[in-house]
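>>> Can you look at this prediction? I've put the sequence above it.
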Amino acid sequence: MGEFAIETYDLTKCFGELVAVDHINFKVKYGEIFGFLGPNGAGKTTTINCLITLLQPSEGTAIVAGYDIIKEPDAVRASIGVIPQEVALESRLTARENLEFHAELYHVPRAEYSRLIPELLDLVQLGDRANDIIRTFSSGMKRRLEIAKAFLHQPKLIFMDEPTLGLDVQTRQVIWKYIHSLREKGVTIFLTTHYMEEADALCDRIAIIDNGRIIALGTSSDLKNKIGKGTVIDIKISGPAEAFVKAVKDLDHIPIMVNQDTIHLVAANGEQLIPKLIHIAEKTGVSINSIGMYEPTLEDVFIHYTGRRIREEGPEIRKILRR
């Protein structure tokens, strides 16, 4: 077994004239949680579908678990676990029967899966629901069963495509705990998400993808440091913004992003800068409705590289998510 669980080589996928994945290159080490972060439509699911051999690349290739995804797709599939965005469980079967069916598909010996299934159901806190029909399960319970299913044939590499999509915050945190427990067992995890806090909480390294291209890659702290150490300031204003923005830009050449009535900037001396911003607003005839300060986040990294937010939630939502 080599050093890397995944290696991509100019991996590209086109749908007609649409380039969904555009010559991407990255490597994932065995034993790490690797995050693939980007907005909806960025190319995350297309990338994962190429890596798990559901889609054939238009150009390039990848080595997954030591096998070429084009030349050795069957070997790739036998070596990985997959947790798709959409739940893929048989609603008329029980939790135990779903796992047994999956084990048979992967040719897991009966004696082995009979031992593993109770352990995995306990791991995801579904031991007492083993004989219940899936249609009686909540979405969070189904997602947890998908995790157990993906681990049933004991792969060393698991792909998780938006594993907590649509789940409430409490259930999401339970899933995070399970993901950490898998990593402690030596499992490599490739995880796509558009939740900033999820990537921050789980991933050893993160690749940010937008419009099919990787625009940044590194640890969470490294990515944040690339945009400059300091404080992020969001200012909501009313009035003529042009003169205000120009005056602020002239002040120590601070980089600024303007999004409708919100001015977004990163400053090394945020607390000292705020009185100067208020003074500039007074001089330029702008009213400041609110000022928010916080430490840089992965959202700010995305803004730095693209000039826009990864999703529509503003800083108020992010403050709630950090509580």
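Perfect, thanks for sending it.
>>> Can you pull the domain assignment for the protein?
With domains defined by automatic domain parsing, the chain comprises 4-218, 226-321.
>>> For the longest one, what does the pLDDT average out to?
Per-residue pLDDT values across domain 4-218 average out to 92.
>>> quick one: Arg144 from Tyr178, how far?
Arg144 sits at a distance of 7 Å from Tyr178 (criterion: Cβ to Cβ, to the nearest Å). (Each C-beta comes from the backbone N, C-alpha and C, glycine too.)
>>> Between these two, which contacts overlap?
Contact criterion Cβ atoms under 8 Å, 6 or more residues apart in numbering; residues shared by Arg144 and Tyr178: Val124.
>>> most neighbours per residue, which of the domains of the chain?
Mean neighbour counts were compared across the domains of the chain using mean count of other Cβ atoms under 10 Å; the top stretch is domain 4-218, at a mean of 18.
>>> could you pull out the helices for this structure?
44-51, 73-79, 95-105, 110-123, 139-151, 169-184, 196-202, 220-226, 241-250, 270-284, 298-306, 315-321 (DSSP state H).
>>> Tabulate those helices (a markdown table), appending distance to Lys29.
Listed next are these as a markdown table, based on distance: least, Cβ to Cβ, whole Å:
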| stretch | distance to Lys29 |
| --- | --- |
| helix 44-51 | 15 |
| helix 73-79 | 16 |
| helix 95-105 | 27 |
| helix 110-123 | 24 |
| helix 139-151 | 20 |
| helix 169-184 | 12 |
| helix 196-202 | 15 |
| helix 220-226 | 15 |
| helix 241-250 | 41 |
| helix 270-284 | 36 |
| helix 298-306 | 20 |
| helix 315-321 | 29 |
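>>> Ile235: which of these is closest?
Nearest to Ile235, of all the helices of the chain, is helix 270-284, at 6.5 Å by Cβ to Cβ.
>>> Report the angle between the closest one and helix 241-250.
140 degrees (axes from the mean of the first three to the mean of the last three Cα atoms, to 10 degrees).
>>> which other residues reach helix 270-284?
Counting by Cβ under 8 Å, 6+ apart, 230-233, 235, 237, 239-240, 243-244, 247-248, 251, 254, 267, 286-288, 291, 293 sit against helix 270-284.
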